[in-house]
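# Need coordinates for the below:
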Amino acid sequence: MDRCHFILLFLCAIYIAAFQGAMAIKCWHCNSEFDPFCRDPFDNRTAKPKDCSEEEELPHLRGIPATMCRKIRMKIYGEWRYKRDCARLGEPGLGGDERYCIYRSGTFNLHTEYCTCNDKENCNAASQVRGYVGWLGVAVVALVWRSWAI
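Sure thing, here's the model as predicted:
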């Protein structure tokens, strides 16, 4: 591999990585107190996907963008409530999926579960869309590489 091919391949890889990282994640946005379909098992008929890059900046978290999705499950006085939204803080699970959750219990029968994810669009309960852009970039690099190899 000559130097020109190596530089082009390196620049394409940087471009793909930057483009994937710059894409905003979309998350389901609902609250079971106002929308019964927000409960588990989740039914997205009434929930709306929200582009997390359009989240307003919070005064106490300046400069921290919403880059993950979150599902909060709360048991308040014996009643379970659910909230799905964008998240600024938290730790996504292994591979970014929503199986990593933090559990908190308090007094007066209060229990809370925070689950965060960032592995795909609407990962707080929906299908993947984001990954296709990365694979498209890999295919373009492979085609360019093959055309130069001929």
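
# For Ser103, what is the enclosing helix or strand?
No, residue 103 isn't Ser; it's Tyr. Element membership of Tyr103, judged by DSSP states H and E, is strand 101-106.

# Run through who's touching that strand.
Residues outside strand 101-106 that contact it (Cβ atoms under 8 Å, 6 or more residues apart in numbering): 90, 93, 111-115. In this view, the C-beta of every residue, glycine as well, is placed from N, C-alpha and C.

# Parallel or antiparallel, which strands does it pair with?
According to DSSP bridges, strand 101-106 forms sheet pairs with strand 110-117 (antiparallel).

# Verify the stated contact: Cys38 with Ala47.
Yes. In this structure, Cys38 is within contact of Ala47 by Cβ atoms under 8 Å, at 6.2 Å.

# got any residues that touch both of those two?
Joint contacts of Cys38 and Ala47 (Cβ under 8 Å, 6+ apart) are 30, 84.

# contacting residues around the closest residue to Gly93 other than its chain neighbours?
Nearest residue to Gly93, sequence neighbours excluded (Cβ to Cβ, 6 or more residues apart in numbering): Tyr100, at 2.7 Å. Contacts of Tyr100 were listed using Cβ under 8 Å, 6+ apart, and they are 91-94, 115-117.

# What ranges does this structure have for its strands?
Along the chain, counting by DSSP state E, strands occupy 26-31, 48-51, 68-76, 79-87, 101-106, 110-117.
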